[in-house]
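Undergrad: mind folding the following:
(chains A, B, C and D)
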There are 2 protein chains.
Amino acid sequence: MGSDRLTDPEPAAAVDLVGDAFRDNAMFTIEADCEVEYDGRTSGYLGPGERLLVGKGDGTFLVHQPTGHKPVNWMPGGGTISASVSDGDLVVVARRVNPRERVEVRATDVHGITRFDAHDAAEYRESGTEAEMHQYIEAHPDELETGLRIVEHERETKYGFIDFFATDADGTPVVVEVKRVQATLNHFDQLKRYVSLYEETNSEVRGMLVAPAASDRVKRALRDADLEFVRLAEFETEAAPTKATLSDF
Amino acid sequence: MGSDRLTDPEPAAAVDLVGDAFRDNAMFTIEADCEVEYDGRTSGYLGPGERLLVGKGDGTFLVHQPTGHKPVNWMPGGGTISASVSDGDLVVVARRVNPRERVEVRATDVHGITRFDAHDAAEYRESGTEAEMHQYIEAHPDELETGLRIVEHERETKYGFIDFFATDADGTPVVVEVKRVQATLNHFDQLKRYVSLYEETNSEVRGMLVAPAASDRVKRALRDADLEFVRLAEFETEAAPTKATLSDF
DNA sequence: AGTTATATATCGACG
DNA sequence: CGTCGATGTATAACT
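TA: Numbers count the residues shown, from 1 in each chain, chains lettered A, B, ... in the order given. Presented below is the predicted three-dimensional model:
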């Protein structure tokens, strides 16, 4: 089918297109002058202006202003999208139940509306994630410290999961927390929580935060708590090496 | 001007529209069969399929699959969007410098492309945020505990910011951490970090986590650490009361 | 520009 | 379905 387009449609025609698209599991986009209201986890109101509305078959609904990465209002998938005419305006409502929330758009002027029956079976494949960093560490624990031996990966404790439970060359236990990005105070907190747990039974336990970088404040917090920072910036993945592309930087 | 639309355009025409739109600070949407490649903080590839592409004048670029709230690939604002023809395909590239990253879309079939010169001066107004919860607590500290007195809001320490520094009826200092949502282990960590700091000089300091709810695990962690949970679910805002709407739940 | 904390975070994994 | 931790998190506030 591809895409259907209405330019400057009557509200009733737009209502039909939205209803049909949602029923048929299709996407739609609307360029419109509108007001937006949200009610749910918080509540909010956006006065008149021109925005791009996007709806998907899974109930996802987005209101995009002319700038910014994030939609100003939205509804994640799982709910329903419906449309109606009210006082001569197109009104689109996206709702869901858990949590109970609702986005309502009143469009006083619909410039255009497009239906798009998109078919997409592909899945995004990504390299360089924290999961791959874990694989690398498991295969090369010496990169963190000579003689380090991984005992367990993703060990569960009563206060959460430890990335790695290891022992050093002397046999002292080491709790290892790994971050793909610059370490934050919250990451320090996480490590501290796990280490505190082990200190209840073994005061000799060490704690190691592994990340490509950390701010001075984080490093000081670690030092004050007798925890360690280990820099690990580069790691090779088991997957295919980086491919050259036509338009490199 | 409103919106311009090309249906099943030649790649060269699409290139012109994208280039003009970005130059003129306008939004554009493209329905296309395409492949996507990302390189930057990580790298990834998305095989052929039909997606909705959205570009904005600030450099924001989004690739939306038929389902899901989040774009499968994106570029936040601040960078540039450019288009070209390569091997007969429309290629759109969005880049930015800090961090250095790039999204490249190769569209083998462009179903449609729409330019939208959106004007929007309105700002979103929201109620029920954590900032309002802070205001409420500052005005009604007794809601947390009888006799509690707020000494300082957003106090900076060497380990980060404390939501409230207070004293109880006995004059004992109380560190208060406030969450608008159900408390998590990370929130417990945060409070623990601040309290630990004060315990260095005053072992009598109390720590209070204020939230609408907390899981059993979090409550146990708090109890084990001699910290307290205070439930605060409802609070009135200084702002206008909730308005009734045409389409209530 | 760097750091910290919030978010209607969303999402996925696991129990 | 709740809980927990990662995210190419983005974003705002502040230094």
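Undergrad: chain A: helices as residue ranges?
TA: A:11-23, A:130-139, A:185-199, A:216-224 (DSSP state H).
Undergrad: count of neighbours near A:S86?
TA: 12 (other CB atoms under 10 Å in any protein chain shown). C-beta here means a position set from N, CA and C on the backbone, and glycine is covered the same way.
Undergrad: could I get the contacting residues of A:F188?
TA: Neighbour list for A:F188: A:209, A:218, A:221-222, A:225, A:227, B:193 [criterion: CB atoms under 8 Å, 6 or more residues apart in numbering or on different chains].
Undergrad: per-residue confidence averaged over stretch A:151-164?
TA: Average pLDDT, stretch A:151-164: 82.
Undergrad: and that stretch, which residues are buried?
TA: A:153, A:159-160, A:162-164 (16 or more other CB atoms under 10 Å in any protein chain shown).
Undergrad: please apply the same query to stretch A:78-96.
TA: Neighbour-count burial for stretch A:78-96 flags A:79, A:81, A:83-84, A:89-96 (criterion: 16+ other CB under 10 Å).
Undergrad: so which of the residues you listed reach chain B?
TA: A:91, A:93, A:95 (CB under 8 Å from any CB of the partner chain).
Undergrad: neighbours of the closest residue to A:T157 other than its chain neighbours, how many?
TA: Nearest residue to A:T157, sequence neighbours excluded (CB to CB, 6 or more residues apart in numbering or on different chains): A:L197, at 5.5 Å. As a burial measure, A:L197 scores 18 neighbours (other CB under 10 Å).
Undergrad: what does the one 3 residues further on give?
TA: The local packing of A:E200 (other CB under 10 Å) involves 9 other residues.
Undergrad: what's the answer for A:E104, then?
TA: Neighbours of A:E104 using other CB under 10 Å come to 20.
Undergrad: again, but for the one 3 residues further on
TA: Other residues lying near A:A107 total 23 when counted by other CB under 10 Å.
Undergrad: if it is in a bridge, with which residues?
TA: Note on A:A107: beta-bridge partners by DSSP bridges are A:C34, A:L90.
Undergrad: let me know the outermost residue of chain A.
TA: A:D170 (40.1 Å; CA atoms, centre = their mean).
Undergrad: looking at that one now. What's its pLDDT?
TA: With respect to pLDDT, A:D170 has a value of 96.
Undergrad: next one: the one 3 residues further on
TA: pLDDT recorded at A:P173 is 94.
Undergrad: residue contacts, it?
TA: A:151, A:165-167, A:198, A:202, A:204-206 are the contacts of A:P173 under CB under 8 Å, 6+ apart.
Undergrad: of those residues, which is the most crowded?
TA: A:A166 (23 neighbours).
Undergrad: surely it is in contact with A:I150?
TA: Yes. If you go by CB atoms under 8 Å, A:A166 and A:I150 touch, sitting 5.1 Å apart.
Undergrad: anything in contact with each of those two?
TA: In contact with both A:A166 and A:I150: A:P141, using CB under 8 Å, 6+ apart.
Undergrad: okay, the helices of chain A in a markdown table with mean pLDDT and distance to B:M27 next?
TA: A markdown table is the format used below for these (pLDDT from 0 to 100; distance: least, CB to CB, whole Å):
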| stretch | mean pLDDT | distance to B:M27 |
| --- | --- | --- |
| helix A:11-23 | 98 | 19 |
| helix A:130-139 | 91 | 34 |
| helix A:185-199 | 91 | 35 |
| helix A:216-224 | 95 | 39 |
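Undergrad: need the winner for burial among these.
TA: Comparing the helices of chain A by mean neighbour count (mean count of other CB atoms under 10 Å in any protein chain shown), helix A:185-199 comes out on top with a mean of 21.
Undergrad: so that one versus helix B:216-224, what angle?
TA: Orientation check (axes from the mean of the first three to the mean of the last three CA atoms, to 10 degrees): helix A:185-199 against helix B:216-224 gives 70 degrees.
Undergrad: helix A:185-199 near DNA strand C at all?
TA: Yes. Counting by CB under 7 Å from any atom of the strand, contacts between helix A:185-199 and DNA strand C involve A:185-186.
Undergrad: that helix near DNA strand D anywhere?
TA: Yes. Counting by CB under 7 Å from any atom of the strand, contacts between helix A:185-199 and DNA strand D involve A:Q190.
Undergrad: can you pull the alpha-carbon coordinates of that helix into CSV?
TA: Provided in CSV are the C-alpha atoms of helix A:185-199 (Å, rounded to 0.1, in the frame of the first residue of the first chain):
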residue,chain,number,x,y,z
LEU,A,185,28.5,9.0,41.9
ASN,A,186,25.5,6.6,41.5
HIS,A,187,27.9,4.0,40.1
PHE,A,188,30.2,4.6,43.2
ASP,A,189,27.1,4.1,45.3
GLN,A,190,26.2,0.8,43.6
LEU,A,191,29.7,-0.6,44.2
LYS,A,192,29.7,0.6,47.8
ARG,A,193,26.4,-1.1,48.5
TYR,A,194,27.7,-4.5,47.2
VAL,A,195,31.0,-4.2,49.1
SER,A,196,29.3,-3.2,52.3
LEU,A,197,27.3,-6.4,52.0
TYR,A,198,30.4,-8.5,51.8
GLU,A,199,32.1,-6.6,54.6
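Undergrad: chain neighbours aside, what residue packs nearest to the residue in chain A that DNA strand D sits nearest to?
TA: Residue nearest to DNA strand D within chain A: A:G160 (2.3 Å; CB to the nearest atom of the strand). Nearest-residue entry for A:G160: B:L185, 5.7 Å, with adjacent residues in sequence omitted and distances by CB to CB, 6+ apart.
Undergrad: quick one: A:C34 and A:L90, what's the gap?
TA: Going from A:C34 to A:L90 by CB to CB, to the nearest Å gives 8 Å.
Undergrad: common neighbours of the two, please.
TA: A:106-107.
Undergrad: what packs against the helix or strand bottoming out on mean pLDDT in chain A?
TA: Counting by mean pLDDT, DSSP states H and E, the weakest-scoring helix or strand in chain A turns out to be strand A:149-157, with a mean of 86. Applying 3 or more CB pairs under 8 Å, 6 or more residues apart in numbering or on different chains; DSSP states H and E, one finds that strand A:149-157 makes contact with helix A:130-139, strand A:160-167.
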